[in-house]
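J.: just the structure for this:
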Amino acid sequence: RPHLSDAALHFTGIILDSAPYEEMSSQLLEAAIGQCWTLLLQRSGMSMSSPECRKLFLSLPAFIEAHLDGLLDYSQRISSIMQHPPEAPFLFLYGLQDMIVPHQSVEDFMEALETLHSHLRVEGVTFTSSPHCGHYKKHPEKYTASLTQFLQSQQFRQ
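T.: Below is the predicted model:
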């Protein structure tokens, strides 16, 4: 494990992986519901064909409602970043095969951020064949090299 210097502990920057998705859309909501369902099944240890699965399925609306606030809060935070971004460089890691957060959404956000706040440094790294949040798993060398290059290129606060 590499040694973290004091300078590395004072790094200021924003790194977003497979994000942001500026607007809450039906596609994002459907993906979130699917992830909630998968999470419920994993936590329960049941298979889709089990009789208990029906009972679990009926509890899904309450589970979603409990986690929906987090999704709405996320949407508000993204909007806030666009309006009042931190004075820090941004690195966006995103994929062309992402079915949850389309690459065009990330690219549009990056372009708008650069247009509204031209003094900010905004970089993007595109992965051609990895799914949502699967860039490190599918391309560990490129992912690690991109992060290393971004971190090494920054000015560290003293």
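
J.: quick check: which ranges of this protein have low pLDDT?
T.: 1-11, 21-33, 35-37, 39-40, 48, 53-54, 56-57, 59-75, 155-158 (pLDDT under 70).

J.: and the strands in it?
T.: 14-17, 90-95, 122-127 (DSSP state E).

J.: who are the packing partners of the second one?
T.: Right, strand 90-95. strand 14-17, helix 103-116, strand 122-127, helix 135-138, helix 140-153 (3 or more C-beta pairs under 8 Å, 6 or more residues apart in numbering; DSSP states H and E). The way it works is simple: take the backbone N, C-alpha and C, and place the C-beta from them, glycine included.

J.: possible to save those as a markdown table with mean neighbour count and distance to Gly34?
T.: Compiled in a markdown table, the helices and strands packed on strand 90-95 are given as follows (neighbours: other C-beta atoms under 10 Å; distance: least, C-beta to C-beta, whole Å):
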| stretch | mean neighbour count | distance to Gly34 |
| --- | --- | --- |
| strand 14-17 | 17 | 19 |
| helix 103-116 | 15 | 18 |
| strand 122-127 | 18 | 22 |
| helix 135-138 | 16 | 19 |
| helix 140-153 | 14 | 25 |
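
J.: re the thing from before, adding distance to Asp108, write the strands of the chain out as a markdown table.
T.: Listed next are the strands of the chain as a markdown table, based on distance: least, C-beta to C-beta, whole Å:
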| stretch | distance to Asp108 |
| --- | --- |
| strand 14-17 | 14 |
| strand 90-95 | 11 |
| strand 122-127 | 11 |
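
J.: nearest to Ser153, out of those?
T.: Closest to Ser153 of the strands of the chain is strand 122-127 (C-beta to C-beta; 8.8 Å).

J.: partners of the closest one in the sheet?
T.: strand 90-95 (parallel) (DSSP bridges).
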